[in-house]
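Colleague: could you work out the structure for the sequence below:
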Amino acid sequence: MLAERFIDIIGADFFTGVPDSALRGLCDCLCDRFGTDGRHHLIGANEGNCAAAAAGYHLATGKVPAVYMQNSGEGNIINPAASLLNREVYGIPVLFVIGWRGEPGVHDEPQHIFQGRKTLELLDTMEIPYTVISRETTEEELRSFIEEAQSLFSEGRQAALVVRSGALEYGRKIKYTNGFTLTREEAIRHIIAVTGDDPVAATTGKAGRELYEIREALGQDHSRDFLTVGSMGHCSSIALGIALNTASKVWCIDGDGAAIMHMGAMSVIGAQSPGNLVHIVINNEAHESVGGMPTSAGHTDLAAVAKACGYINTCCVQSAEALDDALLTARNSSVLTFIEVRTAIGARADLGRPKTTPEENKRAFMGAL
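Modeller: Numbering: from 1, shown residues only. You can find the predicted model right below:
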């Protein structure tokens, strides 16, 4: 189904969500049609944030908003769906559009398998009626479900469209760019040049994949690297837990979308102020792993946020030379450090994936610690 027809049939005047690769056609079409000004299309920090913004939209307009997400984001909407939107509380109608990663019988990455199995079950548990959208779904079938959902919305209930990968198409693939030249992979090369045998925690997405491939190319051991899969936004908290329980310097390679998704972690890290933690956020202002749609990081001074949260040394760099200076300072210091690295959007077309399982990664990392 064409993404533009999908949007027209839904009929919503306001879309908010966190971008997803299974919904790439929808996300590109929304960015093309509405931009990201927030009036008709808002890319949120996390899915719960989007559900709350959707509630505010309904309160102000009386209309039904649409909230899109990857199925991994169901966990983030459970609280607002159960305690805010639910008809036994405020009864706020919302249409959820959920990209289905890890669908049973469809090959996917490890972090999606269990969540994929539980996607429909979670909707059943939350008493949210749904239908599955596939390549074979007709416009008439979608329109029929939306018409049926209107009665749910009138009762203050929610409904969901669970979208299989490839079900939505958009004729123009948008290329997202920014004004920076340093690549993320180059930045990671510079980072591991100073980490030595210290433990490194890398965020979910392309940062972890690039770290793995750089180690492979250099013939280096992977056992000091914890490659976070899933759990977007929690890498810095994982690194905090490690740092509080080891004497080693701990390096966290984070991303802007992930850091923003659960930014409260920075306040907790700053309050604990472990002197052996170096928190590096590679900021390309994009959700690159799912297509490159923008994050709000282009409008956020992350280094200033870190400073306000209690990080002792903070800086923002844009060049390899400035990054090297910041890394050397961090290497030789014994205070909590934050480094924001502004990078370009983009990755190698042949970027691979780790050859080890998450369980194997965990055992090797714990053994090295």
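
Colleague: and the helices in the stretch 201-350 of the chain?
Modeller: Listed in chain order, the helices found in the stretch 201-350 of the chain under DSSP state H, counting those that start in this stretch are 206-218, 235-243, 256-261, 264-272, 302-309, 320-332.

Colleague: mind putting these into CSV with mean pLDDT and mean neighbour count?
Modeller: (C-beta placed from N, C-alpha, C; glycine too.) Formatted as CSV, those follow (pLDDT from 0 to 100; neighbours: other Cβ atoms under 10 Å):
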stretch, mean pLDDT, mean neighbour count
helix 206-218, 95, 19
helix 235-243, 98, 23
helix 256-261, 96, 27
helix 264-272, 98, 17
helix 302-309, 98, 19
helix 320-332, 98, 16
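
Colleague: and the ones you listed: which comes nearest Glu74?
Modeller: Comparing the helices of the stretch 201-350 of the chain against Glu74 with Cβ to Cβ, the closest turns out to be helix 256-261 (14.5 Å).

Colleague: what separates that closest one from the chain centre, distance-wise?
Modeller: With Cα atoms, centre = their mean, to the nearest Å as the basis, helix 256-261 stands 7 Å off its chain's centre.

Colleague: so what touches that helix?
Modeller: The contact list for helix 256-261 (Cβ atoms under 8 Å, 6 or more residues apart in numbering) reads 18, 45-46, 203-205, 232-236, 266, 281-287, 295-297, 300, 302.

Colleague: pull out the buried members of those residues.
Modeller: 18, 45-46, 203-205, 232-236, 266, 281-287, 295, 297, 300, 302 (16 or more other Cβ atoms under 10 Å).

Colleague: before we move on, back to that, turn the helices of the stretch 201-350 of the chain into CSV, including distance to Leu26.
Modeller: Rendered in CSV, the data for those read as follows (distance: least, Cβ to Cβ, whole Å):
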stretch, distance to Leu26
helix 206-218, 21
helix 235-243, 27
helix 256-261, 18
helix 264-272, 29
helix 302-309, 28
helix 320-332, 36
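
Colleague: residue ranges with poor pLDDT in the chain?
Modeller: Residues of the chain that meet the criterion pLDDT under 70 are absent altogether.

Colleague: now do 90
Modeller: Applying pLDDT under 90 to the predicted model, the residue ranges of the chain that meet it are 37, 107-112, 172-175, 205, 230, 289, 291, 349.

Colleague: how does it divide into domains?
Modeller: With automatic domain parsing as the criterion, the domains of the chain are listed as 3-164, 184-368.

Colleague: okay, how far is it across stretch 86-98, tip to tip?
Modeller: Distance between the two ends of stretch 86-98: 18 Å, counting by Cα to Cα, to the nearest Å.

Colleague: same question, stretch 118-138
Modeller: Looking at stretch 118-138, the gap from its leading to its trailing residue is 25 Å under the measure Cα to Cα.

Colleague: ok, residues contacting it?
Modeller: Contacts of stretch 118-138 from elsewhere in the structure, counted by Cβ under 8 Å, 6+ apart, are 1, 6, 71, 74, 78, 81-82, 96, 98, 100, 102-103, 141-142, 145, 149, 152, 157-164, 166-168.

Colleague: ok, and for that stretch, which residues are buried?
Modeller: Going through stretch 118-138 with 16+ other Cβ under 10 Å, the ones that come out buried are 118-120, 122-123, 126, 128, 130-133, 137.

Colleague: check the offset of that stretch from the chain's centre.
Modeller: Average the C-alpha atoms of stretch 118-138, do the same for its chain, and the two points are 22 Å apart (Cα atoms, centre = their mean).

Colleague: excluding residues flanking it in the chain, which one is nearest Arg215?
Modeller: Spatial nearest neighbour of Arg215, chain neighbours left out: His222 (5.4 Å); criterion: Cβ to Cβ, 6 or more residues apart in numbering.

Colleague: quick check: the one you found touching Thr356?
Modeller: Yes: with contacts counted by Cβ atoms under 8 Å, His222 reaches Thr356, the gap being 7.0 Å.

Colleague: who touches both of those two?
Modeller: Ala364.

Colleague: got the domains of the chain as JSON lines, with distance to Arg172 columns?
Modeller: Output for these, formatted as JSON lines (distance: least, Cβ to Cβ, whole Å):
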{"stretch": "domain 3-164", "distance to Arg172": "7"}
{"stretch": "domain 184-368", "distance to Arg172": "13"}
